[in-house]
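Asker: how would this look folded up:
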Amino acid sequence: MKKEADYFEGHEPQLIYIAKKLKDALRLEDILTAAGVDFGVEADQYQGGFVFRTTRTGAFFYVLEEFREAAVAAMLANGYVPAK
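Answerer: So this is what the prediction gives:
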């Protein structure tokens with residue numbers, strides 16, 4: 001289930017995915033919610049492009065360490081490659 005930022009206070013959130021498209025972000029939210037995984041989403045910037053580097057905005061997905069394994073399993077089962 002999607003959580004607010006205060007849920008992560010006092011913990012080190014684990015980055016599991018950066019969605020580059022809104023469609024992917026919304027689908028991943030549904031997948032994690034259906035799997036019963038508590039997660040947070042934050043818009044942030046990342047560097048994209050191979051030849052011409054540009055700064056882009058994406059949806060960064062975070063979980064607490066105890067939910068990482070379940071989140072990764074749900075992601076892999078639905079074709080998402082988790083961040084390392």
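Asker: alpha carbons only for contacts and neighbour counts from here, please
Answerer: Will do.
Asker: check which helix or strand covers the spatially most central residue of the chain.
Answerer: Centroid-nearest residue in the chain: F61, 2.0 Å away (criterion: C-alpha atoms, centre = their mean). For F61, the enclosing helix or strand under DSSP states H and E is strand 54-63.
Asker: what does the helix or strand bottoming out on mean pLDDT in the chain contact?
Answerer: When the helices and strands of the chain are compared on mean pLDDT, DSSP states H and E, strand 40-48 comes out lowest with a mean of 93. Contact with strand 40-48 is made by 2-5, 53-63, as judged by C-alpha atoms under 8 Å, 6 or more residues apart in numbering.
Asker: tell me which of the residues you listed is nearest to K20?
Answerer: Top of the list for closeness to K20, among the contacts of strand 40-48 and by C-alpha to C-alpha, is G58 at 4.8 Å.
Asker: Quick check: bridge partners of that closest one?
Answerer: Taking DSSP bridges, one obtains D44 as the residues bridged to G58.
Asker: How about K2?
Answerer: Assessed by DSSP bridges, K2 has beta-bridge partners F39.
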